[in-house]
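In: Got a predicted structure plus its sequence, pasted below:
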Amino acid sequence: MKPDRLKEIPLFSDLSGDDLERLGGWTDEVDLPAGKPLISQGNFPHEFMVLESGTAEVTHDGEHLADLGPGDFFGEMALLEEQRRMASVMTTSEATVIVMHARNFHAMEEAMPEVAARIREVMEERRREHEAKGIES
């Protein structure tokens with residue numbers, strides 16, 4: 001993926017040009033239709049995703065948890081904790097998604113600890129929200 005496109009994503013906006021180049025080599029950009037399942041609850045994790053454009057819905061056991069928009073990311077919890085997916089995500093409009101496979105996600109964690117720290121912060125916020133709703137991790 002082109003580094004200038006990654007720079008527009010809040011999660012990556014303050015990375016250096018070299019880091020954006022490296023990150024671009026680890027990511028793919030995919031255009032998807034509305035109604036496309038991205039992550040299925042209970043499956044093993046294989047990727048981390050960032051919504052570049054469009055919208056998506058997060059559900060757990062069929063119940064609505066959240067709506068996602070440009071800049072939102074998902075799939076990190078299962079990758080970081082090496083567990084099955086705890087929610088499903090489906091596009092609700094045409095969308096462009098940045099996809100990073102697990103192997104590259106773990107390389108990014110090592111090479112860019114500041115990005116990994118931001119992802120972990122959001123993950124902890126989501127965990128607290130899930131616990132408040134009675135959803136187990």
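Out: Structure received. Residues are numbered from 1 along each chain as shown.

In: Please could you give me each C-alpha atom of the helix or strand of the chain with the lowest mean pLDDT, formatted as CSV?
Out: Taking mean pLDDT, DSSP states H and E as the measure, the chain has helix 76-81 as its least confident helix or strand, at a mean of 76. Provided in CSV are the C-alpha atoms of helix 76-81 (Å, rounded to 0.1, in the frame of the first residue of the first chain):
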residue,chain,number,x,y,z
GLU,A,76,-6.3,-6.7,17.2
MET,A,77,-7.6,-8.3,20.3
ALA,A,78,-7.5,-11.9,19.0
LEU,A,79,-4.1,-11.3,17.5
LEU,A,80,-2.5,-9.8,20.5
GLU,A,81,-4.0,-12.4,22.9
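
In: Could you list every helix and strand in contact with that helix?
Out: strand 47-53, helix 102-111, helix 113-132 (3 or more Cβ pairs under 8 Å, 6 or more residues apart in numbering; DSSP states H and E). All C-beta atoms are positioned from the backbone trio N, CA, C, and that covers glycine.

In: Residues contacting that helix, please?
Out: 44-45, 47-48, 83-86, 102, 105-106, 119-120, 122-123, 126-127, 137 (Cβ atoms under 8 Å, 6 or more residues apart in numbering).

In: Following element in sequence after that helix, please.
Out: Next in sequence after helix 76-81, counting helices and strands by DSSP states H and E, comes strand 88-91.

In: quick check, distance from that following strand to the centre of its chain.
Out: 11 Å (Cα atoms, centre = their mean, to the nearest Å).

In: Can you list the strands that it pairs with?
Out: strand 37-39 (antiparallel), strand 56-60 (antiparallel) (DSSP bridges).

In: Enumerate every residue touching Arg22.
Out: Ala111, Met112.

In: what's the distance between it and Glu52?
Out: Between Arg22 and Glu52 the computed distance is 18 Å (Cβ to Cβ, to the nearest Å).

In: ditto for Met1
Out: Distance from Met1 to Glu52, by Cβ to Cβ: 9 Å.

In: which neighbours do the two share?
Out: With Cβ under 8 Å, 6+ apart, Met1 and Glu52 have common neighbours Glu29, Ile98.
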